[in-house]
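Asker: For reference, the sequence and a predicted model appear below.
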Number of protein chains: 2
Amino acid sequence: MSKQSISIMALLGVPIIEHGDDVADVILKALETSNIQLLDGDLVIIAHTVVSKSEGRIVRGDEVSVSDRAKEIADQNGFDPVQVELALRESKEVIRSDGALITETKTGLICNFSGVDHSNAPKDSYVLLPENPDRSASDILRMLTNSTGVRLGIVITDTQGRPWRKGSVNLAVGSAGINAFKHNRGKQDLYGRTLKRSTVCQVDELAASAEPLMGQADEGIPIVIIRGYEYEDGSERSRDVPRPKSEELFR
Amino acid sequence: MSKQSISIMALLGVPIIEHGDDVADVILKALETSNIQLLDGDLVIIAHTVVSKSEGRIVRGDEVSVSDRAKEIADQNGFDPVQVELALRESKEVIRSDGALITETKTGLICNFSGVDHSNAPKDSYVLLPENPDRSASDILRMLTNSTGVRLGIVITDTQGRPWRKGSVNLAVGSAGINAFKHNRGKQDLYGRTLKRSTVCQVDELAASAEPLMGQADEGIPIVIIRGYEYEDGSERSRDVPRPKSEELFR
C-alpha cells in the first residue's frame, strides 16, 4: 500500500530576510511560531528569494552601469535595461533575445532573464539567483539536521516560464537530501509489465506543489513543509536537471 | 492570512477501468471506500489513463497497420513502430522526429508521441489521450456536482517530458471548474510594489502536486483529492495552456 496522503504546510512568521540572516535559523524560529515540529522524512521547500537575500544576492538598480548590448536588447523588446544587464552578467550564453530574454546561467539553468527578478525585491533593487543553489541547499540541510536530528530534504525553488506552455510554474533550482529524479525503470505497471524507462523529476514536482501556498505576491509564505512523501536521496542534484546542450530538444 | 495547509489524499480502491465505465461513478465509489467526503472547493485530480480507458481510447497493437513513414521514424530512432504510427495519427503536426518524436496533437498539446503510451495499458495495447480532455473534465464535473452538491474543480493529467529539463512531470491535459491560470497582475508584492505581470499555470502545478502520490508504476492511485487550495474558476481551460505557434519560444 502506498502512502495515503501528503500534507503541505505553510511556515508562518517568516520575516523579510536581510543579507547575513541564517536561513536555517529563520526556519527553526518559524517552525516554532507555526507550532510544527520537523519529522523524519519531511521536505523543506524554500523560495530562492529567501536564500538569495540571505546571501546578499541583491543589486541596487542605480549601482548598475548598463552596457550597449543590454541597452539594445532592452530597447528592441521594451525590457528594463538594468534587468537585461544583470541577466547578461549572470549568463554564460544568451539563447534568445527577441521577444524574450532566455539565457543559460553560469550554473546551467535555462530561464528568463537568468532568473533576475524585480518583484519581491527591496525598493529599486533586483534579486539574483543564489550563486550555487545546490550548495546553499546542502548548507541549510546540514544545519537543520544538526539541530533536529531527523532526515530531511531541501528544495530551493524559482517560478519560471516554459517554452511550450503558457504561465509559469515553480521548479527546483537547488536541492539536497533528496535525489532530483525518481527512477521507475524496473518497477512494474498495473498489468505487471516492467517499465523500461520512466524518470520523473521529483524535485520539480515538489517545487510546483509548494507554489499554491507560497504564491507570487504578498502572501509572505516563502517556506513550506511537505510531509508524507516517500523519497530517496542519491547523487543527482538540481544542477543535473537542465538538459545538456547536446540533449536539448530545441536550441 | 493565507491558507495554512493543503492536503493531497489518495483515493483507494479505484479498479482497473474498462471501456464504458462511468468515471464519476468510479470516483464516488472510491470516495466511499477511502472514507472521504467531498467538501466545497475540493479538487479531483485524475490520471488521463482512467478517462481514456473509460472512453475506449485504447488500441490493440496487432490491429494497427504501420505506415512507411512511421516505420522509417521508428527505424531511425529505435522506437516502437506501432507507437510511432499511433502518435502520427493523433498528431496534426510533427515538430521533431530525430532523437525524440515530438508532435502537436489535434487538441494542440505539444508532447512526446502525441501522449500515446504503452505502460499501464492492457497487454499488447496502447492508451491514447482522451479525444477532448477539457470536455471530459466538464462531463465528470457536472456529474460529480449533481451527486454531491459541492463546488469542485477537475484536472486530468499526463506525465510528459520537457524540452529544457530532464525527467518528466505531471501536467494538466484537461480541466473544469478551475481557471487554468492564476493571474497575479495588480496584486502587491512583499514591499507593496504592484506586480505588472505574473501568470501562474495553476492546473499544471496541481497536476504536478498529485504525481508524488499517483506514481507511474503499480501504485494503483490514479485519482487524488487536493483540499485546502483556494482557486477561482474562469474561462481558461487546459487547451489554452500550450503556446500558439506564433508565441512559441522555439520551433
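Answerer: Alright, I've got the coordinates.
Asker: Can you pull out the low-pLDDT segments for the stretch 1-150 of chain A?
Answerer: Within the stretch 1-150 of chain A, the stretches with pLDDT under 70 are A:1-3.
Asker: now with 90?
Answerer: Judged against pLDDT under 90, the low-scoring parts of the stretch 1-150 of chain A cover residues A:1-4, A:95-96, A:98-100, A:107-111, A:118-124.
Asker: Return the residues of it in contact with chain B.
Answerer: A:2-10, A:12, A:16, A:34, A:96, A:99-100, A:102, A:110, A:118-123 (Cβ under 8 Å from any Cβ of the partner chain). The way it works is simple: take the backbone N, C-alpha and C, and place the C-beta from them, glycine included.
Asker: Can you select the buried ones among the residues you listed for me in PyMOL?
Answerer: Burial among the residues of the stretch 1-150 of chain A next to chain B is assessed by 16 or more other Cβ atoms under 10 Å in any protein chain shown; the matching PyMOL selection reads:
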select buried, chain A and resi 4+5+6+7+8+9+10+12+34+102+110+118+119+120+121
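Asker: among the residues of the stretch 1-150 of chain A next to chain B, which are in helices?
Answerer: Among the residues of the stretch 1-150 of chain A next to chain B, the members found in helices (DSSP state H) are A:Ser34.
Asker: Now for the residue of the stretch 51-200 of chain A found nearest chain B, how many residues are close by?
Answerer: For the stretch 51-200 of chain A, the residue closest to chain B is A:Gly167, as judged by Cβ to the nearest Cβ, at 3.0 Å. Using other Cβ atoms under 10 Å in any protein chain shown, the number of residues around A:Gly167 comes to 23.
Asker: tell me the contacts of it?
Answerer: The contact partners of A:Gly167, by Cβ atoms under 8 Å, 6 or more residues apart in numbering or on different chains, come to A:Gly161, B:Ala180, B:Phe181, B:Thr199, B:Val200, B:Cys201, B:Gln202, B:Asp204, B:Val241.
Asker: Report the separation between the closest residue to it other than its chain neighbours and A:Asp139.
Answerer: In space, and not counting its chain neighbours, A:Gly167 is closest to B:Cys201: 3.0 Å by Cβ to Cβ, 6 or more residues apart in numbering or on different chains. The spacing between B:Cys201 and A:Asp139, counted by Cβ to Cβ, to the nearest Å, is 31 Å.
Asker: same question, A:Ser67
Answerer: Taking Cβ to Cβ, one finds A:Ser67 at 33 Å from A:Asp139.
Asker: higher neighbour count, the two?
Answerer: The neighbour comparison of A:Ser67 against A:Asp139 (other Cβ under 10 Å) goes to A:Asp139, with 18 against 14.
Asker: and the more buried one, what element?
Answerer: Here A:Asp139 sits within helix A:133-148, counting by DSSP states H and E.
Asker: Note down every partner strand of the next helix-or-strand element following that helix and its orientation.
Answerer: For helix A:133-148, the following helix or strand on the C-terminal side (DSSP H and E) is strand A:153-160. If you go by DSSP bridges, strand A:153-160 pairs up with strand A:43-47 (parallel), strand A:169-176 (antiparallel).
Asker: tell me the phi and psi of A:Leu12?
Answerer: Dihedral angles of A:Leu12 (phi, psi; degrees, to the nearest 10) stand at phi -100, psi 160.
Asker: Find the residue closest to it in space, skipping its chain neighbours.
Answerer: Excluding its sequence neighbours, the residue lying closest to A:Leu12 (Cβ to Cβ, 6+ apart) is A:Ser34, at 4.6 Å.
Asker: isn't the one you found right next to A:Met9, touching?
Answerer: Yes - using Cβ atoms under 8 Å, A:Ser34 is in contact with A:Met9, at 7.3 Å.
Asker: Look up how far A:Ile58 lies from the closest residue to A:Gly56 other than its chain neighbours.
Answerer: Nearest non-adjacent residue to A:Gly56, counting by Cβ to Cβ, 6+ apart: A:His19, 4.0 Å away. Using Cβ to Cβ, A:His19 is found at 7 Å from A:Ile58.
Asker: mind listing the strands for chain A?
Answerer: In chain A, the strands defined using DSSP state E lie at A:5-10, A:43-47, A:58-60, A:91-96, A:102-105, A:110-112, A:125-127, A:153-160, A:169-176, A:182-183, A:199-200, A:223-227.
Asker: and the fifth one, which strands flank it?
Answerer: In this case it means strand A:102-105. strand A:91-96 (antiparallel), strand A:110-112 (antiparallel).
Asker: Go through those and pick out the most buried.
Answerer: Counting by mean count of other Cβ atoms under 10 Å in any protein chain shown, strand A:110-112 has the highest mean neighbour count of the strands paired with strand A:102-105, with a mean of 23.
Asker: Okay, helices next: where are they in the stretch 151-251 of chain A?
Answerer: Per DSSP state H, counting those that start in this stretch, the stretch 151-251 of chain A carries helices over the ranges A:202-214.
Asker: what domains does the record give for chain A?
Answerer: Domain assignment for chain A by automatic domain parsing gives A:7-55+A:131-233, A:59-125.
Asker: Let's have these in JSON lines, adding distance to B:Ser175.
Answerer: Output for the domains of chain A, formatted as JSON lines (distance: least, Cβ to Cβ, whole Å):
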{"stretch": "domain A:7-55+A:131-233", "distance to B:Ser175": "12"}
{"stretch": "domain A:59-125", "distance to B:Ser175": "25"}
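Asker: which one of those is the most hemmed in?
Answerer: Buried most deeply of the domains of chain A, by mean count of other Cβ under 10 Å, is domain A:7-55+A:131-233, with a mean of 21.
Asker: List the contacts of stretch A:96-116.
Answerer: By Cβ under 8 Å, 6+ apart, the list of residues contacting stretch A:96-116 from outside reads A:48, A:73, A:76-77, A:79, A:83-84, A:86-95, A:126-129, A:131-133, A:158, A:160-161, A:173, A:239, A:242, B:164-165, B:249-250.
Asker: Which residue, other than its chain neighbours, is closest to the most centrally placed residue in chain A?
Answerer: For chain A, the residue sitting closest to the mean C-alpha position, by Cα atoms, centre = their mean, is A:Thr157 at 1.8 Å. Sequence neighbours aside, A:Ala207 is the residue nearest to A:Thr157 in space, at 4.1 Å (criterion: Cβ to Cβ, 6+ apart).
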